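**Student:** Give me a model of this one.
(2 chains)
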Amino acid sequence: MIRIASWLLAVLFMAQSAFAAPKGQDVLTKMDVALTKAKDNIFTFDMVIQDPGKESREVVQKVYTRGEKRYIVFLSPGDIKGTKMLSISRDKMYVYLPAYRKIRRVASHARSQTLFGADYTYDEMSTVTYADIYQAKSIKETATHYTVDASLRSGKEAPYKRIVFRVRKKEMLPDELRYYSAKGNHIKTETRSEFSCNKGACSAAKLKMVDHTRNDHWTTMQRKTWEVNTGFSERIFSLRNLQRGR
Amino acid sequence: MKKSDRRSQRYSRWGALALVLAVCAGQQAQAKIDLRWSGKLQSDIRFRIGEVKSGDWYSQLTLPAGVSRNENIFKLKLEVEAGRFLGVADVDLVWTGYSAAPESFSDIFLREKIDPFRIEAHAAFIEAPDLFLEGLDLRIGQQVVAWGVGDQFNPTNTLNALDLEDPLLFGEQLANMMVRLDYNPYGDWIISGVLVPVFKPALLPPSAQLGPSDPTRLPFVDPAFKRRVQAEQALSKTLGFPAVVNSLIPVLPETSAENMQFSFRVAGNLGGHDIALNYYYGRTDIPQPWLNYSYTTPADNVCRQNADGQKECLSGITQVETFLGYPKMQMAGLNVAGEVNLLGWISDKIKSIGYRLELGVFFPQEATMVLLQEELDYGGIKLPAGEYDYQLNGKRPQVVEDRPFAKWTLGLDYTFNRHFYMNVQWVHGFPDEYGAGDFFHEGFTTIRGGAINRNAAYALSCAMADIPKGQKCAQEFTRPRLGDYLVLGTDFKFLDDALLIRLFLILDLTGIYEERWDTNIDARMRTHHHAFSSQGFSMVIFPEITYNVGHGVELSTGALIKLGDEKTKFGDPAAGGSELWTRARFSF
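**Tutor:** Residues are numbered from 1 along each chain as shown, chains lettered A, B, ... in the order given. Below you'll find the predicted structure:
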């Protein structure tokens, strides 16, 4: 009788543990919440583009974010200074190239392209949240991390069919994203490090994208400044603003 | 009212407006002033591959082979932001690299003669967003309003005049003083209004003077009238008094309220497609002739042997002074851009193709031409002074019909991979083409004309006795007023986008037409030399290699090759001939 009772208690305990462990999709959802926790952000990043064995190229950019909206102004070097990118949603992006004095919508055929030879594509720069387009398939857990293997939801368009997220439990922010093609090839790896928090919102100060299809060509983004919840005008994310000063 | 009074009144109006802005800006006086600047240093050297000539032996204009441009530019762009207000100045200092021909010894002491330079103001404006009303932006000053979704070919972008001075910067426009209001009532939708107080004409390339300097390029719409003038020109030439266009004098419209230009535009997004409608009231920036003034001058019997071995002598020259104007026009424009998944059914790897449609429907004001002459004495045959007897039922000959016409650009683009991008456009109506004449409505522009026979008796009979005059002797090479062009642009990028190989092609699909009397059918006959015939083929090949050295330094080289017979669009001497070019640029 005691043995049966012990067995029942063990089953009950295991069931409770199972219910307490988060599902992969919950992790993605919580990660999205953490990624968009700040009402708005203004970052300045030094982007370094590095082809192994060759001279690196540095690009300075100022990034405004609010929710999934992003507005990026390139500040240097001189040949790209004044280039602006506005991402209102994943399928609504505009770019302003000063040499042409025109605002161009970034068509879907161009979204997998990179700006200035970097390893971040338009698609990656415009993707802020993931749970809405990726479905978690499995989850692993360690003391510090969740690892969620997610596949592209049917009917959704994105350049990667599968992403494996490694999410820090502490901030619920990803510190590694492994991107896979439709054929299952591991194409890119993005790592995020040097996490810090500002007014309750946390983010990585260093991002690195390695493109394995380009001989491990990589790009780093080092955060230089970060302002949180400044309450800047919503017009930042408008075409009016993109054409400002041109 | 005196001109100076009008000017001072205009200045005082701008002064008042500037004061209002200053008061508004004053409210932001405590705001931090943010100064941003950028610029470039650029050195540009070009070589014309071969000599380009136009005109006959007595009126020849030549663009020599060799260095055709030797230019250094220092650009500085300043942006001053105070609160939400922004001031922008963008100025180029251009050293032309050619010394002006000294007219006296004292000229070689003058820096401005030996080392001439010019200033180009591309922008000098103040921008005041959310002025008086949330979403209402005001911009005043020297600026370019770049509307239109086409790539470099923007028929609906008529507010600023074309800057065609540098063929490598095709599609550039001249900044002009404007007042621009944009209102953003909802989402992406923007309603714009622009007022341009003073008209600015297009800046044409130096080679453009080679075109109208040929007097046989008659601008008239009426083919019969054209033939008659061709025949008379042929006769005057046979008599030893060929016509020579000795000056082209543009006459700008008076600065007045009625000559102001304005435009409205509504732009937004519908179902994922960017759409814009605009209306423009103003003038064509490409000059149209409106007056010819002719007189004869003696030439002391200058003779030479012509190509046929015959002796040609000049008894005099029929000098022609042509005055050019800028007729009024209205334009209604439609712009649509987006993407369509045309080939997605083949494979899901094929993404949607980007498309752009830019359509401008033009409503031109009719323009007619006045032909005036002093008494013309062709060695005994005298034509009285006064206005030419047009024999057009009391009307003057049209050079632009008031018939509406359409110009458009339809383009597709696709990025194949990280190295290769392609853009294809069908352009109906080149930027310098104006007036009805295409497959909707027949209308031709004359490229070259003359008589088929130089015999004096024949010329006399054709010009004076033929009915209608010139019917049997006039020979013309023409093309529709609005041509069709296939424009192909490809970008190949390598070395992390540091190396750009660009190839840009423009193929004239129109060809040319030859029109003459055909004795076999006893009627005039028009022969079409199509785009792929030896006579009708015309093309621009514009290869370019740019290497981004890093830190804002770019080195470029390329060529601008214009192919085709001299009677075609791009083989025409007025197109300027082929050039090789090199450029170094440091942007900061």
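**Student:** now the strands for the stretch 51-200 of chain B?
**Tutor:** Remark: strands assigned in the stretch 51-200 of chain B by DSSP state E, counting those that start in this stretch are B:52-54, B:61-63, B:66-82, B:85-95, B:117-128, B:136-143, B:176-186, B:189-196.
**Student:** Please list the residues of the stretch 201-350 of chain B that sit near chain A.
**Tutor:** With C-beta under 8 Å from any C-beta of the partner chain as the criterion, the stretch 201-350 of chain B comes near chain A at residues B:G272, B:D274, B:A337, B:G338, B:E339. All C-beta spots, glycine's among them, are computed from the backbone N, C-alpha and C.
**Student:** my guess is the fourth one meets A:R105, correct?
**Tutor:** This points to B:G338. Yes. Under the criterion of C-beta atoms under 8 Å, B:G338 makes contact with A:R105 at 7.4 Å.
**Student:** Give the residues shared as contacts by those two.
**Tutor:** Shared contacts of B:G338 and A:R105 (C-beta atoms under 8 Å, 6 or more residues apart in numbering or on different chains): B:D274, B:G354.
**Student:** Neighbours of residue 53, how many?
**Tutor:** In the absence of a named chain, chain A is used. By other C-beta atoms under 10 Å in any protein chain shown, 6 other residues sit near A:G53.
**Student:** Please refer instead to chain B.
**Tutor:** By other C-beta under 10 Å, the residues close to B:K53 number 15.
**Student:** which residues touch the residue lying closest to it once chain neighbours are set aside?
**Tutor:** Once flanking residues are discounted, B:K53 sits nearest to B:T62: 5.1 Å by C-beta to C-beta, 6 or more residues apart in numbering or on different chains. Shown in contact with B:T62 (C-beta under 8 Å, 6+ apart): B:E51, B:V52, B:K53, B:S54.
**Student:** if we go to 7 Å?
**Tutor:** B:E51, B:V52, B:K53 (C-beta atoms under 7 Å, 6 or more residues apart in numbering or on different chains).
**Student:** And the last one, how close does it get to chain A?
**Tutor:** When distance is defined by C-beta to the nearest C-beta, to the nearest Å, B:K53 is 35 Å away from chain A.
**Student:** Repeat that for the second one.
**Tutor:** The gap separating B:V52 from chain A is 29 Å, by C-beta to the nearest C-beta.
**Student:** That residue pairs with what?
**Tutor:** Beta bridges link B:V52 to B:L63 when assigned by DSSP bridges.
**Student:** Would you check that it makes contact with B:P573?
**Tutor:** Yes. With contact defined as C-beta atoms under 7 Å, B:V52 reaches B:P573; the gap is 4.8 Å.
**Student:** Between these two, which has more neighbouring residues?
**Tutor:** A direct count of neighbours by other C-beta under 10 Å for B:V52 and B:P573 places B:V52 higher, at 23 against 20.
**Student:** list the contacts for the more buried one?
**Tutor:** B:T62, B:L63, B:S207, B:P573, B:G576, B:G577.
**Student:** Return the member of those residues nearest to B:Q319.
**Tutor:** Nearest to B:Q319 among those: B:T62, at 19.8 Å, using C-beta to C-beta.
**Student:** Look up how far B:S207 lies from the closest one.
**Tutor:** Distance, B:T62 to B:S207, using C-beta to C-beta, to the nearest Å: 11 Å.
**Student:** what do you get for B:D402?
**Tutor:** For B:D402, the distance to B:S207 equals 31 Å [C-beta to C-beta].
**Student:** before we move on, what about B:R583?
**Tutor:** Taking C-beta to C-beta as the measure, B:R583 falls 20 Å from B:S207.
**Student:** Repeat that for A:D123.
**Tutor:** From A:D123 to B:S207 the distance is 45 Å (C-beta to C-beta).
**Student:** now swap in B:G550 and tell me
**Tutor:** According to C-beta to C-beta, B:G550 stands 36 Å off from B:S207.
**Student:** Out of the strands of the stretch 51-200 of chain B, the one nearest A:D32 is which?
**Tutor:** Taking C-beta to C-beta, strand B:176-186 is the member of those nearest to A:D32, at 28.1 Å.
**Student:** Each with direction, which strands does that closest one pair with?
**Tutor:** If you go by DSSP bridges, strand B:176-186 pairs up with strand B:136-143 (antiparallel), strand B:189-196 (antiparallel).
**Student:** Kindly compare burial across those and name the winner.
**Tutor:** strand B:136-143 (a mean of 21; mean count of other C-beta atoms under 10 Å in any protein chain shown).
**Student:** quick one: the helices in chain A?
**Tutor:** Ranges of helices in chain A, per DSSP state H, are A:2-20, A:24-35, A:122-126, A:239-242.
**Student:** in the stretch 201-350 of chain B, which spans are strands?
**Tutor:** Here the stretch 201-350 of chain B has its strands, by DSSP E, counting those that start in this stretch, at B:243-250, B:261-270, B:273-283, B:288-305, B:311-325, B:328-340.
**Student:** name the helices or strands packed onto the first one?
**Tutor:** Read it as strand B:243-250. strand B:311-325 (3 or more C-beta pairs under 7 Å, 6 or more residues apart in numbering or on different chains; DSSP states H and E).
**Student:** tell me the angle of the strand it packs on relative to strand B:273-283?
**Tutor:** 110 degrees (axes from the mean of the first three to the mean of the last three C-alpha atoms, to 10 degrees).
**Student:** so can I have TSV of the strands of the stretch 201-350 of chain B showing mean neighbour count and mean pLDDT?
**Tutor:** Below are those laid out as TSV (neighbours: other C-beta atoms under 10 Å in any protein chain shown; pLDDT from 0 to 100):
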stretch	mean neighbour count	mean pLDDT
strand B:243-250	17	91
strand B:261-270	18	96
strand B:273-283	19	96
strand B:288-305	15	87
strand B:311-325	18	89
strand B:328-340	19	96
